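Asks: Just need the structure, nothing else, for what follows:
(one chain, ligands or ions: 1)
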Amino acid sequence: MALPEHGMSKEQVVAALEAKRARDARWQDGRTFGMVYDGGPGVHEVAEAAARMYLHENALNTLAFPSLGEIQSEVVAACAALFHGDTAAGFMTSGGTESILMAVKAARERARAERGVTEPEMVVPESAHAAFHKAAHYFGLRVHKVPVRDDWRADVDAMAEHVGERTVLVVGSAPQYPQGVIDPIPELARLAADVGASMHVDACMGGFVLPFLEMEGEDVPPWDFRVDGVTTISADIHKLGYAPKGASVILHRTKELRRHQTFVFDDWLGGFYASPNMQGTRPGLPMATAWAVMHHLGIDGYRRLTRVAVDAARRIAAGVRATPGLTVLGEPQAHLLAIAADPEAARPVDVFALGDALARRGWFHDRQSPPDSLHATVSAGNAPVVDEYLADLAACVDEVLGTRAADRRTDYATLE
Ligand SMILES: *Cc1c(COP(=O)(O)O)cnc(C)c1O
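Replies: A predicted model of the protein is given here:
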């Protein structure tokens, strides 16, 4: 569709966009288990106020916009404190993928500088996010993808087999996305440290949950900078930080290690170019809205939302397990879970058919495989509708018994 010859009025533009949105997931009703994480009306208001102020600003050059430089350093410092990184330093990025790209790039550069590694390799559990494979593809690393254990956690012994003099990075997640379990971070960090390699903890999901669960008095396995050998951590403010999209942080244990992430170029007609991440022009909006939401919520706000989200996830997990024909994979430790067919059930349920039936009632799950399962990232916005969801779940199981979805695609992310 070509541009209209004559421009549309604001009213026409808004009406056209409203019409386009009609078929989009209804996250506002708490019916989406992933992708949008709803901190509630107060959080929306604060984010929208900050968005109006920073819609047009650019953090490419913080000499022009010093407020964005301050915003970045305050967000990074707040995360460093939450993750017990007394000496940690880092940057904001556009999201978890970019944070992971930067961790991989930094690990590669560090190994080249400190150990002369020219054919870099990384060792990742098969549960690690696809973004690590994207990073390997972009930055020319070989990936050793290692099967996980029966409990879905990284298999340290199996990973150890692949760690050697070319290893630049070992990866663990807290928690991993597919089943929501926390990898054995101290053991993985030791593997990396033994060969002088970097160790990344992917806390894209857990970074804004695990610190608050611990403050709530729950047992949280060690995963942050208190673990020796952990060199980088990624955490997404636009997930359980409840900020609008486009905000994540990448932290390095020290400012010294952080320099392997950055790029500077001083031989261009346009001037000196220093860049912390993949972006050139950096929108101020996601930085300012992340700062705004984080400061609006504060520690007590995040503790409250964490309690609500994790309790909702536990109610859903218990409800799924109590539904004949269904089970939850492994023992999820925070707010993510995978719903699968109970292998011992008398009559098997096709969970993809179940997902389609739930979708007809407005509930949105991602499909995952192997094994076939429905993913749920539970956040505070889902809590008010847990009972309604579980009732629909039971009804949908009855509806789909004996049927199988012909379409077996599992689209986590799409091209067009
Ligand atoms: C979401 C997620 C990512 C990727 O983050 P994006 O913001 O989608 O780029 C990486 N790791 C884990 C564990 C995630 O949940």
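Asks: how does the chain divide into domains?
Replies: The chain is divided into the following domains under automatic domain parsing: 46-296, 299-400.
Asks: Spell out which residues of the stretch 51-200 of the chain are next to the ligand.
Replies: Taking Cβ under 6 Å from any ligand atom as the contact definition, the stretch 51-200 of the chain meets the ligand at 95-97, 100, 129, 131, 173, 177. The way it works is simple: take the backbone N, C-alpha and C, and place the C-beta from them, glycine included.
Asks: Make TSV out of those and add neighbour count.
Replies: Compiled in TSV, these are given as follows (neighbours: other Cβ atoms under 10 Å):
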residue	neighbour count
95	20
96	25
97	21
100	27
129	22
131	21
173	30
177	22
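Asks: Specify which member of the residues you listed is nearest to the ligand.
Replies: Taking Cβ to the nearest ligand atom as the measure, the ligand sits nearest to residue 96 out of these, at 2.1 Å.
Asks: Give me the nearest residue to the residue in the stretch 251-400 of the chain positioned nearest to the ligand, chain neighbours excluded.
Replies: Checking the stretch 251-400 of the chain residue by residue against the ligand with Cβ to the nearest ligand atom singles out residue 377 as nearest, at 7.4 Å. Of all residues beyond its chain neighbours, the one nearest residue 377 is residue 34 (4.2 Å), with distances taken as Cβ to Cβ, 6 or more residues apart in numbering.
Asks: And for that neighbour, the neighbour number?
Replies: By the measure other Cβ atoms under 10 Å, the count of residues near residue 34 is 20.
Asks: could you measure it against the ligand, distance?
Replies: 9 Å (Cβ to the nearest ligand atom, to the nearest Å).
Asks: Same check on residue 103?
Replies: Here residue 103 is placed at a distance of 11 Å from the ligand (Cβ to the nearest ligand atom).
Asks: With residue 407 instead?
Replies: Residue 407 is 24 Å from the ligand, where distance means Cβ to the nearest ligand atom.
Asks: swap in residue 86?
Replies: In this view, residue 86 and the ligand are 25 Å apart by Cβ to the nearest ligand atom.
Asks: That residue belongs to a strand, doesn't it?
Replies: No: when classified by DSSP: H, G, I helix; E, B strand; the rest coil, residue 86 is found to be coil rather than part of a strand.
Asks: tally of neighbours for it?
Replies: By other Cβ under 10 Å, neighbour count at residue 86 equals 10.
Asks: Report the buried residues of stretch 81-91.
Replies: Of all the residues in stretch 81-91, those buried under the rule 16 or more other Cβ atoms under 10 Å are 82-83, 85, 88-91.
Asks: Among those, which are located in strands?
Replies: Cross-referencing the buried residues of stretch 81-91 against strands under DSSP state E gives 89-91.
Asks: Closest to residue 159 out of these?
Replies: Nearest to residue 159 among these, counting by Cβ to Cβ, is residue 90 at 25.4 Å.
Asks: Surely the closest one is in contact with residue 248?
Replies: No: here residue 90 does not reach residue 248: they are 10.1 Å apart, not a contact under Cβ atoms under 8 Å.
Asks: Run a quick neighbour tally on residue 11.
Replies: Residue 11 has 8 neighbours, counted by other Cβ under 10 Å.
Asks: Kindly report the same for residue 404.
Replies: 11.
Asks: OK, contacts around it?
Replies: 350, 352-353 (Cβ atoms under 8 Å, 6 or more residues apart in numbering).
Asks: who wins for neighbours among those residues?
Replies: Those, ranked by neighbours (other Cβ under 10 Å): first place residue 352, 23 neighbours.
Asks: Find the nearest non-adjacent residue to that one, please.
Replies: Once flanking residues are discounted, residue 352 sits nearest to residue 405: 4.0 Å by Cβ to Cβ, 6+ apart.
Asks: Can you verify that neighbour is assigned to a helix?
Replies: No: secondary structure assignment places residue 405 outside any helix; it is coil (three-state DSSP).
Asks: Contact partners for it?
Replies: Residues near residue 405 by Cβ under 8 Å, 6+ apart: 350, 352-353, 355-356.
Asks: Provide the strand pairings for the strand or helix carrying residue 143, with the direction of each partner.
Replies: For residue 143, the element it lies in under DSSP states H and E is strand 142-146. Next to strand 142-146 in the sheet, as set by DSSP bridges, lie strand 121-125 (parallel).
Asks: Can you tell me what sits against the next helix or strand after the partner strand?
Replies: Moving toward the C-terminus from strand 121-125, the next helix or strand (DSSP H and E) is helix 131-139. Contact with helix 131-139 is made by 96-97, 100-101, 103-105, 108, 122, 124, 141-143, 145, 171, 202, as judged by Cβ under 8 Å, 6+ apart.
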